[in-house]
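Student: How does the following fold in three dimensions:
(chains A, B, C, D, E, F, G and H)
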8 protein chains.
Amino acid sequence: MTPDAAATPIASPPGKPLVGVVMGSDSDWPTMRLAAEALASMGVPFEARVVSAHRTPEEMVAYAKEAEGRGLKVIIAGAGGAAHLPGMIAALTVLPVLGVPVQSKALSGLDSLLSIVQMPGGVPVGTLAIGNAGAKNAGLLAVRILGATRPELRKKLHAYRDGEAERVRAQELT
Amino acid sequence: MTPDAAATPIASPPGKPLVGVVMGSDSDWPTMRLAAEALASMGVPFEARVVSAHRTPEEMVAYAKEAEGRGLKVIIAGAGGAAHLPGMIAALTVLPVLGVPVQSKALSGLDSLLSIVQMPGGVPVGTLAIGNAGAKNAGLLAVRILGATRPELRKKLHAYRDGEAERVRAQELT
Amino acid sequence: MTPDAAATPIASPPGKPLVGVVMGSDSDWPTMRLAAEALASMGVPFEARVVSAHRTPEEMVAYAKEAEGRGLKVIIAGAGGAAHLPGMIAALTVLPVLGVPVQSKALSGLDSLLSIVQMPGGVPVGTLAIGNAGAKNAGLLAVRILGATRPELRKKLHAYRDGEAERVRAQELT
Amino acid sequence: MTPDAAATPIASPPGKPLVGVVMGSDSDWPTMRLAAEALASMGVPFEARVVSAHRTPEEMVAYAKEAEGRGLKVIIAGAGGAAHLPGMIAALTVLPVLGVPVQSKALSGLDSLLSIVQMPGGVPVGTLAIGNAGAKNAGLLAVRILGATRPELRKKLHAYRDGEAERVRAQELT
Amino acid sequence: MTPDAAATPIASPPGKPLVGVVMGSDSDWPTMRLAAEALASMGVPFEARVVSAHRTPEEMVAYAKEAEGRGLKVIIAGAGGAAHLPGMIAALTVLPVLGVPVQSKALSGLDSLLSIVQMPGGVPVGTLAIGNAGAKNAGLLAVRILGATRPELRKKLHAYRDGEAERVRAQELT
Amino acid sequence: MTPDAAATPIASPPGKPLVGVVMGSDSDWPTMRLAAEALASMGVPFEARVVSAHRTPEEMVAYAKEAEGRGLKVIIAGAGGAAHLPGMIAALTVLPVLGVPVQSKALSGLDSLLSIVQMPGGVPVGTLAIGNAGAKNAGLLAVRILGATRPELRKKLHAYRDGEAERVRAQELT
Amino acid sequence: MTPDAAATPIASPPGKPLVGVVMGSDSDWPTMRLAAEALASMGVPFEARVVSAHRTPEEMVAYAKEAEGRGLKVIIAGAGGAAHLPGMIAALTVLPVLGVPVQSKALSGLDSLLSIVQMPGGVPVGTLAIGNAGAKNAGLLAVRILGATRPELRKKLHAYRDGEAERVRAQELT
Amino acid sequence: MTPDAAATPIASPPGKPLVGVVMGSDSDWPTMRLAAEALASMGVPFEARVVSAHRTPEEMVAYAKEAEGRGLKVIIAGAGGAAHLPGMIAALTVLPVLGVPVQSKALSGLDSLLSIVQMPGGVPVGTLAIGNAGAKNAGLLAVRILGATRPELRKKLHAYRDGEAERVRAQELT
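Tutor: Numbers count the residues shown, from 1 in each chain, chains lettered A, B, ... in the order given. Got it, this is the predicted structure:
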């Protein structure tokens, strides 16, 4: 991604949001925007918000509790360090929740990863890789989830996979 | 879980399987059966199979490629050590794939976790916790995913959450 | 601690509780009771409760928000794995919160530790050691905190330290 | 923090110091000044000193032993690598001691963290996160501790939390 | 290696390739080219290709299955993060497979290493060090393997060792 | 493996040894015997010896230097903790050397693994998994290496793979 | 070591102690006695004491400061968890100090190791392996240090090495 | 250290070398020169050489075996990654050997540390911290060892400690 690209706002495709992309701070946005980009590229309407488990805990509770009723189908939550947002959201909704461990400064996201993935039995968070790859994949996994009842998304996912394969086939080593 | 319970076969609820539970070896079954139990307890038809990325790679390819056509909606894959099964399946289908890091002997599942969760951008695996909690949660996350279009599952998930809360409220510390 | 001792209920000293000892599950109690024992041995009234961030999130919010008004002075929170309870409580009160990482099965509490200690700037959790030593020390640190305005606690802490030193001096190596 | 801000001396609010901020070397000051800033921003008088466990061990002993008598209420100690200062101070006083793991070069502060947090039963150190977030939070936790008997600090802490929430609410993702 | 050197294409010595050097992405080439360089410097014909376990899984299967019949004697596979390529290739051929853990961004290749080396009994991958040293050594280990029946390679390996020893003897410390 | 099986001596198939299996102590034999078993099961003559890098360093030097002349084709070396044997042998021969990290007590073989795999450029050790799986795989990788010029070994390896696949296919989950 | 052997007191050889063996608690003695045994087996007079950095800090200061004057030549210090004893002693004497990381419960001695070895420049602690091997080696390293001016110790060390080599040569693999 | 200082050769004080400073490659010299500087600053004659366990193993054997006869009293060995030099030297001499884990690229010296410190019982290496602090401390520990019979070194060590304390006392926090 070029710096300019990073600065471009990401607009949701039109329509009622199907996916909520939340994060604990706008400093997580350079990572989490890759989730938004993946959703946008597949034509999935989304909303992106800062909802902090630690600084706006009651908004977080409200957000998670209202998500199902508002028609969201998947929530993607990213956080770093002692990353509590994905697990707390998963505790407050029965929607599928995907967690993105944002790369932290001292421990490179190992803390974020363990804080998100090691949930106790009963409250699942589908966790993706640390950092950018994880954010992008959270978006794609949301599309896979939505694809069950949206054949056009399935088709786009197949096309995406074909494109990726083509891209690999075209790579030259010099 | 009592030892007896562990020895009881887990029958899928009747119906065409919606979830495929696969694992690299029957030695993973004591862990992965918790995924099956979660699905069974919610009334979700599933199939459970040994499909090894390393010992039956071509069956694995076939399984993953046919899953969508066969009507599966979610695949849960568990593996330990250099755990390649979840990621390889995710590479071969556009269904949502959930990965369960089985606890390994020497490194306690840290190797399993990193092998599953650190997927490159483009091929998502929603990863759960190491071991039993992760297997159970994979089952529950599959139910959440299926819940989008199956209101009775949503209802069961709400009931499950209420039950868990009740169970917590009833705990006494002596 | 002898097995019998472990089975003995720990009664709070009489009086309005000054310290709340909370944990995510009664399976944490064998660890967290050491915090209670430390408080009891110093004559500090406490309450011990199961309050789960993930299974009773709204009770947790209520507990944390009401703690100050109810006269609690310190909250000790223990949890294991993706341990969110201490940090979430700290987000919802301005009381000092102490966190105890309960030893987890696969990762021996490293996940618990990082989930508790790596809080973002703004929301502090004073974190103690993994497991029993940490639980005991959480109790003692609460007493140190209360000691600022309770000279009899200061006196007890000095006596405790003197006793510990005596105990060390009496150890013989054979 | 801008570079200029980093170079600005931090003056303690007037009054007898309530909190001692100590560190093993002036190279820890860029981290530990965030503790001092947090205290200053809340109007809590403090003192900041270099007291090295390894290079001035006897001054350290004297400092820790005299702290209670001099009227300090909390000690914040920061150190990196084999970080012994917080634990040694905690061994020599009954005041609450908060430890800040300074980020080390080779191991990114994991060594600092474990050296501080893994104290044996009997000698508690309330440990904060590695690096800047931990230093800031040590300051805030000291204020929470002091707040028990200083209602104006409680009020400031509530205001701080409200401000943080406002700040989060105002963040925009573009 | 100077930047210019890095940009120079590496031509295989003439002849039917004996070693296949494969990697999951051309972004692994700056590392994996050191394997190619080692082979070239010893006069061993090789081929280098991008073959992705995750993005072109079926080409990977075909590549691995055809390698023996095409006359390859050793396969060197490099990958980063959840690095599945070496193990999957090893599952699909009986040729010796050498794995190179490419250094990953967040976890510095520890994830790559564990994903490659922790193979289950039955499917061996001879794993080299993380990053450049590992790639170079994969090339050299392939030459050692080929040396069993190619005396001129044995001779070159002895000469290489002698040269390395000379180079060490000539190093001066000022 | 049953305890009885573990106590059975492993005889090399008749013939001049092609593989040397060495280890630092007879306490490594319960692990390393799995390498010997793999070789024996494939009909590959081997020798097994205790050769300690730290306690008989000069015998180690002699062993490594003479191995090529004595007709060995591959050396498998196992060691635990600060595991120097595989790398030192690799420094003293141009034969391919395979390293097995024996599971250590405190650090579960992570120390063994890093001590073996992280060799500097120029001196390769093909490293297998920690513990039993690694030992077995070292034997199998040696057979793969020998297979290049021994068609009957290739055949056996294909048969072994087919058998493993059959074994997987026959596994039932109850 | 047989259980009986473990229960046998270890008497120092006669003479003024040359080595001080100190530890933070008598619970460290099952490990640290291996240091004493090594010294006794070489005929080096020693003293063994519990001296706790955290529970008897002032005795520790006194012990370390008086050691040189009392004729000790080397101090061996063992501790677990947040292991401060070796480094604090090294700060208070100019004698060589050897540190033994006692294996801890949750983190298997990784915390002990890092707390001991990662000393800042200026205050060296020669650190040995985690647990029993480290304790034994601390004793042997003390003998090596004393050997510089005691030719009979040098002779014993050579004899010990010869014996170890013989022991290795006599090991049989069945 | 300024860049210029780093480029200045370090001359040994006159006299027969008492300490051998060895390292596996001249790329370790920027770290290991701090050991030499510490020795030079205390007036201890030393020699510094590149002696590679992996590339000149036989010179290493010879160096280690001849060291005692040549009058060396202590050997300081530094290496990175799979760092075998210190342990191998310790296996070949009865002189005290000090190990310095050089900071490695991928794993920041954790591999170096474990490869050096985790020696088996019987062959001790006194290990210092990763990187520059460890190298400096290896020099200082050698001086402590030599101090037993060289009162002027003891005096210098006391003076050094006093100077360090003064330096700490003079540090100002602004």
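Student: Chain neighbours aside, what residue packs nearest to A:Arg49?
Tutor: Leaving aside its chain neighbours, A:Arg49 sits nearest to A:Val22 (5.3 Å; criterion: C-beta to C-beta, 6 or more residues apart in numbering or on different chains). (Each C-beta comes from the backbone N, C-alpha and C, glycine too.)
Student: C-terminal to whichever strand or helix holds A:Gly78, what's the next element?
Tutor: Using DSSP states H and E, A:Gly78 falls within strand A:74-80. As assigned by DSSP H and E, the chain's next helix or strand after strand A:74-80 is helix A:85-92.
Student: rewinding a little: mind listing the residues bridging to the residue nearest to A:Arg49?
Tutor: A:Arg49, A:Ala77 (DSSP bridges).
Student: quick one: the strands in chain A?
Tutor: Residue ranges of the strands in chain A, as given by DSSP state E, are A:19-23, A:46-50, A:74-80, A:97-102, A:126-127.
Student: And the contacts of stretch A:166-173?
Tutor: The contact list for stretch A:166-173 (C-beta atoms under 8 Å, 6 or more residues apart in numbering or on different chains) reads E:25-26, E:29, E:33, E:48-50, E:52, E:55-56, E:59.
Student: Among these, which one lies nearest to A:Ser104?
Tutor: E:Ser25 (25.3 Å; C-beta to C-beta).
Student: dump the residue contacts of that closest one.
Tutor: Per C-beta under 8 Å, 6+ apart, neighbours of E:Ser25: A:168, A:171, B:120, E:50, E:52.
Student: And the pLDDT for it?
Tutor: On the pLDDT scale, E:Ser25 is placed at 95.
Student: Run the angle between the top helix by length along chain A and helix B:85-92 for me.
Tutor: Looking across chain A with DSSP state H, the single longest helix is helix A:151-169. Angle, helix A:151-169 to helix B:85-92, by axes from the mean of the first three to the mean of the last three C-alpha atoms, to 10 degrees: 100 degrees.
Student: Can I get helix A:151-169 in CSV, CA atoms only?
Tutor: What follows is helix A:151-169, C-alpha atoms only, in CSV (Å, rounded to 0.1, in the frame of the first residue of the first chain):
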residue,chain,number,x,y,z
PRO,A,151,-24.3,-16.4,-4.0
GLU,A,152,-22.8,-13.3,-5.5
LEU,A,153,-20.3,-13.2,-2.7
ARG,A,154,-19.4,-16.8,-3.2
LYS,A,155,-18.8,-16.0,-6.8
LYS,A,156,-16.6,-13.0,-5.9
LEU,A,157,-14.6,-15.2,-3.5
HIS,A,158,-14.0,-17.7,-6.2
ALA,A,159,-12.9,-15.0,-8.5
TYR,A,160,-10.7,-13.5,-5.9
ARG,A,161,-9.0,-16.9,-5.4
ASP,A,162,-8.6,-17.3,-9.1
GLY,A,163,-7.0,-13.9,-9.3
GLU,A,164,-4.6,-14.6,-6.5
ALA,A,165,-3.6,-17.8,-8.2
GLU,A,166,-3.0,-15.9,-11.4
ARG,A,167,-1.0,-13.3,-9.6
VAL,A,168,1.2,-16.0,-8.1
ARG,A,169,1.6,-17.7,-11.5
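Student: which among the contacts of E:Ser25 end up buried?
Tutor: By neighbour count, with 16 or more other C-beta atoms under 10 Å in any protein chain shown, the contacts of E:Ser25 hold A:168, B:120, E:50, E:52 as buried.
Student: Phi and psi next, for the last one.
Tutor: When quoted as degrees, to the nearest 10, the phi and psi of E:Ser52 stand at phi -100, psi 130.
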